[in-house]
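# using only what follows, build the 3D model:
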Amino acid sequence: MKLYEEVLYFIAGHRRGWAFSSSDLMKKFTRQEADSTLSDLAEKGKIRRVYRGIYDYPKYSDFLEQELSPDIDQVARAIARKFNWRIEISGDSALNMLGLSTQIEGKHVYLSDGPNRNYDILGTTLQFKRSILKNIGFKHKESSLIVQALKALGKERITTDVISKIRKHINPGMYNKIMKDTQSSTVWIYETIKQICREI
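Below is the predicted model:
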C-alpha cells in the first residue's frame, strides 16, 4: 500500500468528523511523511485544513450537497493533543452543545491548563482560557459535557424538560459508562445524571 493510501486509510478509520494534526500520526509515520502526505490530501480535497496544522475528515451532507462545518469539540481536542494540554468544556459552551441555551453560539470556550489562545476555525471562534480544571478526571467527554452544563444551570433549574433535552444528545450506549465515570460528582448532579441515563 502506498504511503498516501496508508495515511488516508488511517484517517478514515477514525470516521467522518475526526479532527487531527500530524502529531496524531506519529506512532505510524515519521513527521516528514505525515506533514507532506496531509498537505497532499488537503490539496486533493480528501481532508480539510481547518487551521494551520489542524485538519479534519469532514462530514458531508447529501441533502445540502456540501461539507458540514467542523466539529468544534473534535478540533479543540486535536489542538489539545498537539500541545499536550488538558482541557474541559466551559459551562456556557456545554449548554449550547446540549441545546439548553437560546444564545447564538459564535464562540466556543474551553478551559485549559495551557496558555490563553484564540483560534478562528473557518469563521467560528474557538477560545482556550487558562483555568484550574476541576472535572478533568472524567474518562469520557460526555461526562464532562453533562456535568459542566448542570453546574452552569444550577440545581434549581433542573426540570424534566432539561433532562429530556440532554438525553437527546447522548448515545444510550454511553449511559453506563457515564454513570460509572461521574460517581464522584456532587450528589445532586449525580442524581440528575442517573435520571438522564436511565433506560426508558
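
# secondary structure element for the most centrally placed residue in the chain?
The C-alpha lying nearest the average C-alpha coordinate of the chain belongs to D73 (C-alpha atoms, centre = their mean; 2.4 Å). Following DSSP states H and E, the helix or strand that holds D73 is helix 72-83.

# so how many other residues sit close to S90?
One way to gauge burial is a neighbour count; for S90, by other C-beta atoms under 10 Å, it gives 20. All C-beta atoms are positioned from the backbone trio N, CA, C, and that covers glycine.

# next up, the contacts around it.
Under the criterion of C-beta atoms under 8 Å, 6 or more residues apart in numbering, the contact partners of S90 comprise 109-111, 129, 148.

# give the contact list for R117.
For R117, the residues meeting the contact criterion (C-beta under 8 Å, 6+ apart) are 127-128.

# same check on L3?
The neighbourhood of L3, defined by C-beta under 8 Å, 6+ apart, consists of 29, 33, 37.

# separation between it and K151?
The span separating L3 from K151 equals 46 Å under the rule C-beta to C-beta, to the nearest Å.

# hmm, back to that, which of the contacts of L3 lies closest to I189?
Minimum distance to I189 across the contacts of L3 is 42.0 Å, recorded for F29 (C-beta to C-beta).

# what is the burial count for Q66?
A count of nearby residues for Q66, using other C-beta under 10 Å, gives 10.

# how many neighbours does the nearest residue to it once chain neighbours are set aside have?
When the adjacent residues along the chain are set aside, Q66 lies closest to Y60, with 7.3 Å between them (C-beta to C-beta, 6 or more residues apart in numbering). A total of 10 residues lie near Y60 under the criterion other C-beta under 10 Å.
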